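**Q** have a look at this fold, sequence not included:
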């Protein structure tokens, strides 16, 4: 480590005019040393050493916050340590589905928090044919993937030379593990496209002997095992990204088919597609599973299968305890079967969430977390919720308790993507 209080070296005559320039040069040497030591620790591929490298990189970024190499090493280290939320927090301005809603923030937030109030637009992969008369309008926004790609690409091609292309591949993998599958697909596809374009530009000036085959060994260079079987060469990063993209597209296709069936009123078909996702052998990220459980609960409810719908609500809340939409759904289901104490429990939980949102002037969790309710809707929902709680308390006081159940079973463990995808 470098002692920050060591005496300064003699200054050359060309630098004797200003202390700021000499101080900047000293910081630059310190930052270079931190980054060099961090790269040595990262090369060991040991979690303890990489955690130590993160401390060095944080120290380097405190002196030079925009140093591209330090930012890349930190993001890749966090990804290797599977600290996906920190990667998303670090690069959240690059998540495609997040945009600053200036109108809502100016009307609902103070000037201190107006720049941080974010609203989300979500992807709808298939347009619904026609709304059935008995269905409620969904409370989340939808827009096309093509529009999302255009918005992303409009800013990427102008900045790809200034800002590293690594952001889109690293952030895409983190978004995938956090359940932001649409964002992950767009980011990974964009990162692959930018990387391929950069490689193509560089390869134009190369001679035939300049190409390296170290990552793609010839058949004669493969290692032979004891059983005289050729050992499979390790996958390159490009191959891992391609495999991860194919898995994301498979999950999104199934989700698209399920939502299309749900919008068309084909509840059994929607349940079947969602069950393929949540019961699949390959597994899926918890955030994505929570969303699928929520939609399957709606399908069960539309099909009149109240018990299964409540069970899926329980699974969703086990993965996302502060999901407002599911708490509302489960409270309504409990009221339907006259489980008034459990209904009151969920409504009181909702009231606490609404009060905390209004107090903190933001939704619980990070800014990139999926939300199904707009901030401007919270005051009205809180007023109607308070009235509803008073009515239910009067019904309970009059002796209408109904059937009581315990709505908190232990959820099934959710398998995340394997480490090989990182």
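**A** Good, I have the coordinates. Not measured: the values here are computed from a predicted model. Numbering: from 1, shown residues only.

**Q** which residues of the stretch 51-200 of the chain score low on pLDDT?
**A** Counting by pLDDT under 70, the low-confidence segments of the stretch 51-200 of the chain come to 99-163.

**Q** rerun at 90
**A** In the predicted model of the stretch 51-200 of the chain, residues 64, 66, 93, 96-165, 191-200 satisfy pLDDT under 90.

**Q** helices of that one, residue ranges please.
**A** For the stretch 51-200 of the chain, the helices defined by DSSP state H, counting those that start in this stretch occupy 68-80, 84-90, 102-108, 145-159, 166-177, 181-203.

**Q** run the angle between whichever helix or strand comes after the last one and helix 181-203 for me.
**A** The helix or strand immediately downstream of helix 181-203 is helix 237-263, counting by DSSP states H and E. With axes from the mean of the first three to the mean of the last three Cα atoms, to 10 degrees as the basis, helix 237-263 and helix 181-203 are set at 150 degrees to each other.

**Q** that older thread, pick the most deeply packed of the helices of the stretch 51-200 of the chain.
**A** helix 166-177 (a mean of 26; mean count of other Cβ atoms under 10 Å). To be clear about C-beta, it is placed using only N, CA and C from the backbone, and glycine gets the same treatment.

**Q** about what we covered before: can you list the helices of the stretch 51-200 of the chain in TSV and add distance to residue 96?
**A** Shown next, in TSV, are those (distance: least, Cβ to Cβ, whole Å):
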stretch	distance to residue 96
helix 68-80	17
helix 84-90	12
helix 102-108	18
helix 145-159	5
helix 166-177	9
helix 181-203	5
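
**Q** I'd like to know which of those helices lies nearest to residue 247.
**A** helix 166-177 (8.4 Å; Cβ to Cβ).

**Q** wait, which of the helices of the stretch 51-200 of the chain is closest to residue 386?
**A** helix 102-108 (19.7 Å).

**Q** neighbours around residue 386, how many?
**A** As a burial measure, residue 386 scores 13 neighbours (other Cβ atoms under 10 Å).

**Q** pull the residues that contact the helix or strand hosting it.
**A** According to DSSP H and E, residue 386 maps onto helix 378-397. Residues from elsewhere that reach helix 378-397, judged by Cβ atoms under 8 Å, 6 or more residues apart in numbering: 335, 340-341, 343-344, 347-348, 350-351, 354-355, 357-358, 373.

**Q** residue 264 is nearest to which of the helices of the stretch 51-200 of the chain?
**A** Among these, the nearest to residue 264 by Cβ to Cβ is helix 145-159 (20.3 Å).

**Q** among the contacts of helix 378-397, which ones are buried?
**A** 335, 340, 343, 344, 347, 350, 351, 354, 357, 373 (16 or more other Cβ atoms under 10 Å).

**Q** how does this protein divide into domains?
**A** According to automatic domain parsing, the chain comprises the domains 19-81, 94-126+139-205+232-421.

**Q** identify, from the contacts of helix 378-397, the entry nearest to residue 186.
**A** Taking Cβ to Cβ as the measure, residue 186 lies nearest residue 373 of the contacts of helix 378-397, at 24.3 Å.
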